[in-house]
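Chemist: For reference, the sequence and a predicted model appear below.
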Amino acid sequence: MSEPLVGIVLAHEAVANAFVAAVAAIAGTGHGLLPVTNTGCDRAAIEARLRDAIAGRPAVIFADLPGGSCAFGAAAYARSHPDVAVVTGVNLAMLLDFVFHRAVTPAAARERAVATGRSAIATPGVAAPGAAGPAGTGG
């Protein structure tokens with residue numbers, strides 16, 4: 001890729017800004033993430049905000065909820081933009097990983113984000129299903 005991907009955090013109210021601010025606090029500036037909110041938007045307005053933020057660049061849209069207005073708007077936008085991928089259920093771990101791995105295709109970034117996001121969801125001290133637990137615990 002000649003140009004690093006841009007990441008769009010698309011979320012309800014102030015959530016997009018909060019995610020981007022958290023990434024900046026941890027990773028510094030120049031991270032390639034832009035916040036976009038759906039506040040006051042119908043699907044057409046969400047798509048217009050995405051068009052303005054993406055500005056023709058290859059991108060990954062990180063939507064807050066699967067099945068919500070952000071995800072539906074992102075999916076509608078991406079259908080006509082093959083250089084844009086969509087991930088739903090955004091979390092901080094996937095965003096942090098994304099900012100350090102932007103020199104890939106949108107599809108590769110999407111798959112990496114999904115894997116990173118899933119692996120970050122855990123219950124501390126509890127072995128994942130199928131994982132061997134500490135010796136003598138049976139699990």
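Modeler: Received, thanks.
Chemist: residue ranges of the helices in the chain, please?
Modeler: 15-27, 43-54, 69-79, 92-99, 106-119 (DSSP state H).
Chemist: Next, the angle from the longest one to helix 69-79.
Modeler: Here helix 106-119 points in a direction 150 degrees away from that of helix 69-79 (axes from the mean of the first three to the mean of the last three C-alpha atoms, to 10 degrees).
Chemist: Same question for the first one.
Modeler: Between the axes of helix 15-27 and helix 69-79, defined by the same axes, to 10 degrees, the angle is 80 degrees.
Chemist: Just give me the residue closest to the centre of the protein.
Modeler: Against the mean C-alpha coordinate of the chain, by C-alpha atoms, centre = their mean, the closest residue is residue 62 at 2.9 Å.
Chemist: In this structure that one contacts residue 96, no?
Modeler: No - taking contacts as C-beta atoms under 8 Å, residue 62 lies outside contact range of residue 96: 11.6 Å. (Each C-beta comes from the backbone N, C-alpha and C, glycine too.)
Chemist: So, low pLDDT: which residues of the protein?
Modeler: Applying pLDDT under 70 to the chain flags residues 1, 128-139.
Chemist: rerun at 80
Modeler: Where the chain drops to pLDDT under 80, the residues are 1-2, 127-139.
Chemist: first to last residue in stretch 59-78, what's the distance?
Modeler: By C-alpha to C-alpha, to the nearest Å, the extent of stretch 59-78 from end to end equals 10 Å.
Chemist: And it, how far out from the chain middle?
Modeler: 10 Å (C-alpha atoms, centre = their mean, to the nearest Å).
Chemist: Contacts for it next, please.
Modeler: The contact list for stretch 59-78 (C-beta atoms under 8 Å, 6 or more residues apart in numbering) reads 5-12, 15-16, 19, 38, 41, 43, 46-47, 50-51, 83-90, 94-95, 98, 106, 109-110, 113.
Chemist: same deal with stretch 84-94?
Modeler: Taking C-beta under 8 Å, 6+ apart as the rule, stretch 84-94 contacts 9, 11, 19, 22-23, 54, 58-67, 71, 74-75, 77-78, 106-107, 109-110, 113-114, 116-117, 119-121.
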